[in-house]
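Asker: this is a predicted model, with the sequence first.
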2 protein chains.
Amino acid sequence: MKFCSECANPVALTIPEGDNRPRYVCTQCATIHYQNPKLVIGSIPVWEKEGKLQVLLCKRAIEPRYGYWTLPAGFMENNETTAAAAQRETEEEAGANIELGGLFTLLNVAQVHQVHLFYLASLRDLEFAPGVESLDVQLFEEHEIPWDELAFPTIRLTLELFFADRVKMREGAKGYGFHSRDIVRPMRSNESG
Amino acid sequence: MKFCSECANPVALTIPEGDNRPRYVCTQCATIHYQNPKLVIGSIPVWEKEGKLQVLLCKRAIEPRYGYWTLPAGFMENNETTAAAAQRETEEEAGANIELGGLFTLLNVAQVHQVHLFYLASLRDLEFAPGVESLDVQLFEEHEIPWDELAFPTIRLTLELFFADRVKMREGAKGYGFHSRDIVRPMRSNESG
C-alpha cells in the first residue's frame, strides 16, 4: 500500500494515537487503512456407498500450486455466510451438489494472514465437473489420496483429521469432531494458502 | 474506495475477466482490490467459585454502542492466531488474565461483512481493570446480566447459548458445545459489529 484509497495522497506506516501497532495512515486526510486476516473456506465433499467412502478433490488450474490437488476452497466474499462460502466454492471449483454438514476444522495460517475453515459435506449425486479454476475433479478412497501432491498444509491436515475421525467412529465415537489447529511450518514462497 | 492504493489513479467498480462479481479495479495499473469479511474475536471470561458463576463484561468507551456492555472482543490482527486474538482483546479491554478454552460460538453477521468468534475462558485471578476502550469492567451473575444494555446481537446470543449450555451441563451434558449461527436481524445504523 502506497497511496490513500480515499484521497490518492501518499500513506505512511505509523502508529496512530491510542493504537499500539503500525498502520498505513494517509499523510493528508488521516484515514487509517487497517489490514486484517482473510477467511479461506471450503468443504470435504464425501461420497459414501456400500461401505466405500470417497473424497472429492480438485486439481488446481491456477497459481499458487498449479497442478496440485486441493479440497474445494477459496476466499470468503462480503455479504455471505461461512456456510454459503463453503457451498459456493464447492459448486464453483468442483461443480458439485453437496449437502453441507458441520464445521470440521479451523486452521490458523498466521504467517500469511489467513484462517481456513472446512465444512463436512455429502455429495448429493455424481454430477461433478471441473470449474474454471480446476484442471480435474476426482473421487479418491483414502489409500488413493495423492498425499505428496496436495496443494497446501491445511488440506493435508484436514484430510488427516478427517480419516482419523473415521477410525474413531469405527471404534465407537458418535460422529466427527471439531478441530482447531495452528499451521506453524514456514510455507513455500509460492504458497498463498 | 476511490483511488488505487498502488498507483493513486482512480478505481472503477467492474467485473474482472474470469470473475463473477464487481471489484474495485484500477483504471491504470489494473490492480484488483478485493474486499473480504473481517474476523471479530473475543472471549467469555468466567470466574467460578463455591458454586457461583460470574461472567466478565466491559462497558464500551468507544463508538459504536458507547456505554453499552460487551464481552471483550475486537478485530483480529495480521500475524496472530484466532486464540491469540481472543487473549489479546481480553487483556486490552478488560485487563484480565485468562486461561483460554475452546471455541464456543461462530456467528455470521453477513450484512456488515463480519464473522464473530467467541472462546471459552477462565479468569486466573480478580486483577482485572478497564483498558482504554472500556469505561468499566464488572463481573455479573446470570440474573445480573444487563440484557437490555448489551452492545451487539452476537454478545446477547453468545451469552444466551452459554447459559443454555450450563443448564444442559447440570442435566448431565459433559461440557460446553460449539455453536454456529447466523445473525439475520438488520443491525441499527450505529452498529458495526
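Answerer: Thanks, I have the structure now. Residues are numbered from 1 along each chain as shown, chains lettered A, B, ... in the order given.
Asker: quick one: low-confidence ranges for chain A?
Answerer: A:186-193 (pLDDT under 70).
Asker: ok, for residue A:21, nearest residue in space, not its chain neighbours?
Answerer: On the basis of Cβ to Cβ, 6 or more residues apart in numbering or on different chains, the spatially nearest residue to residue A:21 that is not a chain neighbour turns out to be residue A:15, at 6.4 Å. (C-beta placed from N, C-alpha, C; glycine too.)
Asker: residues touching the one you found, list them.
Answerer: A:21, A:22, A:23 (Cβ atoms under 8 Å, 6 or more residues apart in numbering or on different chains).
Asker: phi, psi of it?
Answerer: Main-chain torsions, residue A:15, degrees, to the nearest 10: phi -90, psi 110.
Asker: picking up where we left off before, mind giving me the ChimeraX command for buried ones among the contacts of residue A:15?
Answerer: Taking 16 or more other Cβ atoms under 10 Å in any protein chain shown as the burial criterion, the selection of buried members of the contacts of residue A:15 in ChimeraX is written as:
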select /A:23
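Asker: in strands, which of the contacts of residue A:15 fall?
Answerer: residue A:23 (DSSP state E).
Asker: and the closest residue in space to residue A:96 that isn't next to it in sequence, helix, strand or coil?
Answerer: Nearest-residue entry for residue A:96: residue A:128, 4.1 Å, with adjacent residues in sequence omitted and distances by Cβ to Cβ, 6+ apart. For residue A:128, the reduced secondary structure class is coil; criterion used: DSSP: H, G, I helix; E, B strand; the rest coil.
Asker: count the neighbours of residue A:128 for me.
Answerer: Residues within reach of residue A:128, counting by other Cβ atoms under 10 Å in any protein chain shown, total 24.
Asker: which ones are touching it?
Answerer: Counting by Cβ under 8 Å, 6+ apart, the residues that residue A:128 touches are A:45, A:56, A:94, A:95, A:96, A:97, A:137.
Asker: just give me the longest helix of chain A.
Answerer: helix A:153-170 (DSSP state H).
Asker: packing partners of that one?
Answerer: Packing partners of helix A:153-170 (3 or more Cβ pairs under 8 Å, 6 or more residues apart in numbering or on different chains; DSSP states H and E): strand A:38-49, strand A:52-60, strand A:98-109, strand A:114-123, strand A:179-182.
Asker: just put these in a markdown table and tack on distance to chain B and mean neighbour count.
Answerer: Listed next are the helices and strands packed on helix A:153-170 as a markdown table, based on distance: least, Cβ to the nearest Cβ, whole Å; neighbours: other Cβ atoms under 10 Å in any protein chain shown:
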| stretch | distance to chain B | mean neighbour count |
| --- | --- | --- |
| strand A:38-49 | 5 | 22 |
| strand A:52-60 | 15 | 21 |
| strand A:98-109 | 4 | 20 |
| strand A:114-123 | 6 | 23 |
| strand A:179-182 | 5 | 16 |
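Asker: which one of these lies nearest to residue B:114?
Answerer: Ranking the helices and strands packed on helix A:153-170 by their distance to residue B:114 (criterion: Cβ to Cβ) puts strand A:38-49 first, at 10.5 Å.
Asker: direction included, what does the closest one pair against?
Answerer: Under the criterion DSSP bridges, strand A:38-49 sits next to strand A:52-60 (antiparallel), strand A:73-75 (antiparallel), strand A:114-123 (parallel) in its sheet.
Asker: hmm, who's touching the following helix or strand past the first one?
Answerer: As assigned by DSSP states H and E, the chain's next helix or strand after strand A:52-60 is strand A:69-70. Among residues not part of strand A:69-70, those counted as contacts by Cβ under 8 Å, 6+ apart are A:42, A:57, A:58, A:59, A:60, A:146, A:149, A:150, A:151, A:152, A:155.
Asker: cool, and stretch A:84-95?
Answerer: Counting by Cβ under 8 Å, 6+ apart, stretch A:84-95 makes contact with A:39, A:41-43, A:45, A:56, A:58, A:72-74, A:76-77, A:80, A:96-98, A:100, A:117-119, A:121, A:127-134, A:137, B:110, all of which sit outside it.
Asker: repeat that with 7 Å
Answerer: A:41-43, A:45, A:56, A:58, A:72-74, A:76-77, A:80, A:96, A:98, A:100, A:119, A:121, A:128-131, A:133-134, A:137 (Cβ atoms under 7 Å, 6 or more residues apart in numbering or on different chains).
Asker: centre of the chain versus that stretch, how much separation?
Answerer: Its chain's average C-alpha position is 11 Å from that of stretch A:84-95, according to Cα atoms, centre = their mean, to the nearest Å.
Asker: in PDB, list the C-alpha atoms belonging to it.
Answerer: Below are the C-alpha coordinates for stretch A:84-95, written out as PDB (Å, rounded to 0.1, in the frame of the first residue of the first chain):
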ATOM      1  CA  ALA A  84     -22.600 -20.200   2.000                       C
ATOM      2  CA  ALA A  85     -19.000 -19.600   1.100                       C
ATOM      3  CA  ALA A  86     -18.200 -23.400   1.500                       C
ATOM      4  CA  GLN A  87     -21.200 -24.300  -0.600                       C
ATOM      5  CA  ARG A  88     -20.300 -21.700  -3.300                       C
ATOM      6  CA  GLU A  89     -16.700 -22.700  -3.600                       C
ATOM      7  CA  THR A  90     -17.600 -26.400  -3.900                       C
ATOM      8  CA  GLU A  91     -20.000 -25.500  -6.700                       C
ATOM      9  CA  GLU A  92     -17.600 -23.200  -8.500                       C
ATOM     10  CA  GLU A  93     -14.500 -25.400  -8.300                       C
ATOM     11  CA  ALA A  94     -15.900 -28.900  -8.500                       C
ATOM     12  CA  GLY A  95     -19.400 -28.300 -10.000                       C
END
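Asker: residue contacts, residue A:141?
Answerer: The contact partners of residue A:141, taken as Cβ under 7 Å, 6+ apart, are A:52, A:53, A:54.
Asker: still on that earlier bit, pull the most distant pair out of the contacts of residue A:128.
Answerer: Spatial extent of these (Cβ to Cβ) is set by the pair A:97 and A:137 at 12.6 Å.
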